[in-house]
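> Here is my input, please return the structure:
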Amino acid sequence: MSFGGVAMCLVSVIVPVYNVELYLADCLDSIFAQTYDKLELIAVDDGSTDRSPEILQHYLDEGYLFRVIRQANQGLGGARNTGLRAATGKYIFFVDSDDTIERKAVEKAVAAAEQTKADITLFNFRHTDLNGVEIQAFDNDQLGLPVLMPLNLKDHGAIFFTLSSPCSRLFKREFLQENQLKFVNRIWFEDLLFFLQTLLYNPVYCYLPEVLYNYRQHGASITKSFHSNKNIDIITVFENVLNDYKNADAYERYKQEIHYLALEHIYTGILYILAKAGRFNLYRTIKERYFQLFPNINSQLRRRLPLKKRLIAKLIDWDLVKLIHIFKKA
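The predicted structure is shown next:
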């Protein structure tokens, strides 16, 4: 995909850093190798206790030009917010410090944003193993969004169902500033909450159907997350979403989209994960809270789910949670 005649503008790349000594160098190398020259790299050391601060200092000593901000631990959202406050670029590119980006990632994303005047430019990503080998690519192609065109939520409601990670988007900093958008500190699923909050302000979107971001998957970390009590935060996220959309008089317009996302993320997502992990007490708590927020089962929305998720939903309906182990290796 090619672009032409795009002026160079400053891009702030924000990297929150916390105990990633094994992967930080790969992340920094992928940023310094970008074909786009006008970068402002802001690394936020969020109270690391491993060798991450030494690695950052090594790159500074080697003459690499970037800014390091050190702070007491505030979590991923807090570190991103610190980077946002320090940023001066026209655009914001979030990169997590154990991940990498493709060599032309910034160049392509900026070109698409400039061409379409987009507030948010969406692109695709892949999961990789610890060695950077692709496991699976994730794209938004199935949603039928027009490519490299200015899009709005009113005409393209499928934007609601795009992959929610901020790392799969380029943001116009002015849009984030004017709407006072920031991440909630110390909450799981803050990416989903941030994504849904941005939609309240009717951003101009652009879809660039290329894989530009490499998300490194940690097996041990994923297994640990299955068992964590922090999974309850998914309820907090949707409580916030419901309040925000109702306060903005946008709930009735986007009610079906919000309910479908809750069905997918909570009912057939987190509850399924907890059942597989044997966390039945937490499972029952979250299920009860889910029905307090969404008391009615919408059969029309259920039919939109993939077959496997429809089956999982039925097992959860009937509280046959132990049978979910049948799907454990699926």
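> In stretch 272-288, which residues are buried?
Residues of stretch 272-288 classed as buried: 272-277, 279, 282-283, 285-287 (neighbour count, 16 or more other C-beta atoms under 10 Å). To be clear about C-beta, it is placed using only N, CA and C from the backbone, and glycine gets the same treatment.
> Among the residues you listed, list the two that are farthest apart in space.
Based on C-beta to C-beta, the longest span within the buried residues of stretch 272-288 runs between Lys276 and Thr285 and measures 16.6 Å.
> what sits up against stretch 127-144?
Residues from elsewhere that reach stretch 127-144, judged by C-beta atoms under 8 Å, 6 or more residues apart in numbering: 26, 100, 122, 124-126, 158, 161-163, 207, 209, 211, 214-218.
> And stretch 87-94, by the same measure?
Under the criterion C-beta under 8 Å, 6+ apart, residues 9-14, 40, 42, 80, 84, 101, 105-106, 109-110, 113, 166-167, 169-174, 176 lie in contact with stretch 87-94.
> Mind doing that once more with 7 Å?
For stretch 87-94, the external contacting residues (C-beta atoms under 7 Å, 6 or more residues apart in numbering) are 9-14, 40, 42, 80, 84, 106, 109-110, 113, 166-167, 170-173, 176.
> What of stretch 254-262?
157, 160, 238, 241, 245, 294, 298, 301, 304.
> out of everything not next to it in sequence, what's closest to Leu293?
In space, and not counting its chain neighbours, Leu293 is closest to Phe238: 5.8 Å by C-beta to C-beta, 6 or more residues apart in numbering.
> I'd guess that neighbour is in a strand, am I close?
No. Note on Phe238: no strand contains this position according to DSSP: H, G, I helix; E, B strand; the rest coil, which reports helix.
> re earlier: which PyMOL command selects the buried ones in the contacts of stretch 127-144?
Buried subset of these, written as a PyMOL selection, criterion 16+ other C-beta under 10 Å:
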select buried, resi 26+100+122+124+125+126+158+161+162+163+207+211+214+215+216
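> quick one on the thing from earlier: the buried residues of stretch 272-288 in strands, which ones?
Using DSSP state E, the subset of these located in strands is empty.
> quick one: which of the residues you listed is nearest Leu193?
Comparing the buried residues of stretch 272-288 against Leu193 with C-beta to C-beta places Ile286 closest, at 16.3 Å.
> Next one: that closest one from Asp119, what distance?
Distance, Ile286 to Asp119, by C-beta to C-beta, to the nearest Å: 33 Å.
> can you check Ala262 too?
Taking C-beta to C-beta as the measure, Ala262 falls 25 Å from Asp119.
> the more surrounded of these two?
Remark: of Ala262 and Asp119, Asp119 carries more neighbours, 24 against 21, as counted by other C-beta atoms under 10 Å.
> ok, that one - contacts?
Asp119 touches 172, 175, 203-204, counting by C-beta under 7 Å, 6+ apart.
> thinking Pro53 is in contact with Asp46, fair?
No. The pair Pro53 / Asp46 is not scored as a contact, 10.6 Å apart, by C-beta atoms under 7 Å.
> Which one's more surrounded, the two?
When Pro53 and Asp46 are compared on other C-beta under 10 Å, the one with more neighbours turns out to be Asp46, at 23 against 18.
> Surely the more buried one touches Gln71?
Yes. Using C-beta under 7 Å, Asp46 is in contact with Gln71, at 6.2 Å.
> what are the ranges of the helices in the chain?
Secondary structure of the chain by DSSP state H: the helices cover 24-32, 52-61, 75-86, 105-116, 173-178, 190-199, 219-227, 233-247, 251-262, 271-277, 280-293, 299-304, 307-317.
> Which residues in the second one does the neighbour count mark as buried?
Of the residues in helix 52-61, those buried under the neighbour-count criterion (16+ other C-beta under 10 Å) are 52-53, 55-56, 59.
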